[in-house]
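Participant: Requesting a structural model of the entry that follows:
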Amino acid sequence: MGFPGIWMTESESVVYRVVPKCACSTIGQIMYYSDHGSFFDGDIHDATDGLHKWAQEHSQGPITRNVQEHRSYAFTCVRNPYTRILSSFFDKICGIQRNGRRYRGNLVPRLAYDYGVEVGGEDGQEEFDQIQSFRRFLLFARDTIRFRRPMDPDIHWSATSGHVSTFVRNGGRYDKIIWTEKFDDGMQGVLDQINTPHSVDLKEIPRFNESEGHGPKRLHPVEDYFDDLSMHLVYEIYKRDFELFKYDVEDPSNKQPIGEIDLDEVHAKLGD
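Facilitator: Residues are numbered from 1 along each chain as shown. Here you go, the predicted model:
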């Protein structure tokens, strides 16, 4: 299986497990900058050089050797399940992607037909009942994750713990897991532990939110999108995320973690 989702600087200063919708664009640009002294011109996900990625065949050897010998500091970044699934809905379901088309072709028409999801018209800018449509999308997301129908789960709403676990199961070990909600503190903690060709001042780093502006603006507070049934579905889907990464399942309005991540627990429970 190897190490899917792993990015590593060319200098091998740091290894990072990408988790979609968890500040991955900003982290990738920080890694790129730390090696080259400049940012990648474009979406870092499109970069084919300047950064080792498992998806690139020429990177697989260096990544495998590094991870198996734990040569470099390894980390990942996680996010509150409530805000992550909500972000996925507005970006991937309601939004027009950077190629000018809907995400995954016929996915949105299928959601509209099978689940009654509205997305704001052709351009995503028309008014629609965001809360009702999101809750219907949540049923679809649950069906894909629990029952793998009407399709396999998408990486943008499959559980964070699932992404994080592939690294552990294949022999990797994390030195740190940071929270998107406390990004500056967490990322600074990573930078303090590694030596990079170019120093990084986090205060000067822009936030590379490549999904921003794709879809309609969220009109309501996070908690308004989750009634009792929605909260039950989110817990059913993301139980392990809440437990391992210490988020508050009882209060969707509290996006902050409520405890410290226990790396030993993470490795033990995700290494099976």
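Participant: okay, now Arg173: neighbour count?
Facilitator: Neighbours of Arg173 under the rule other CB atoms under 10 Å: 13. Using the backbone N, CA and C atoms, a C-beta is placed for each residue, glycine as well.
Participant: quick one: contacts for it?
Facilitator: 70, 74, 267 (CB atoms under 8 Å, 6 or more residues apart in numbering).
Participant: His58: what secondary structure?
Facilitator: Here His58 is helix, with the state taken from DSSP: H, G, I helix; E, B strand; the rest coil.
Participant: Now do the buried residues in the helix or strand of the chain with the lowest mean pLDDT.
Facilitator: In the chain, no helix or strand scores lower on mean pLDDT, DSSP states H and E than helix 107-115, which sits at a mean of 92. Neighbour counts over helix 107-115 (16 or more other CB atoms under 10 Å) mark 107-108, 111, 115 as buried.
Participant: what's the answer for stretch 1-13, then?
Facilitator: Neighbour-count burial for stretch 1-13 [16+ other CB under 10 Å]: 3, 5-13.
Participant: just so I have it, where are all the helices in the stretch 101-250 of the chain?
Facilitator: For the stretch 101-250 of the chain, applying DSSP state H, counting those that start in this stretch gives helices covering 107-115, 130-142, 160-169, 183-191, 228-245.
Participant: by contact count, what packs against the fourth one?
Facilitator: With contacts defined as 3 or more CB pairs under 8 Å, 6 or more residues apart in numbering; DSSP states H and E, the packing partners of helix 183-191 are helix 24-36, strand 73-78, strand 176-179.
Participant: One more pass at 6 Å, please.
Facilitator: Contact partners of helix 183-191 among helices and strands, from 3 or more CB pairs under 6 Å, 6 or more residues apart in numbering; DSSP states H and E: strand 176-179.
Participant: Next: the second one.
Facilitator: Under the contact definition 3+ CB pairs under 6 Å, 6+ apart, helix 130-142 sits against helix 107-115, helix 228-245.
Participant: and the angle for the first one with helix 130-142?
Facilitator: If you take axes from the mean of the first three to the mean of the last three CA atoms, to 10 degrees, helix 107-115 sits at 90 degrees to helix 130-142.
Participant: separation between the closest residue to Asp114 other than its chain neighbours and Asn106?
Facilitator: Of all residues not flanking Asp114 in the chain, Pro150 sits nearest, at 6.7 Å (CB to CB, 6 or more residues apart in numbering). Note on Pro150: its distance to Asn106, by CB to CB, to the nearest Å, is 11 Å.
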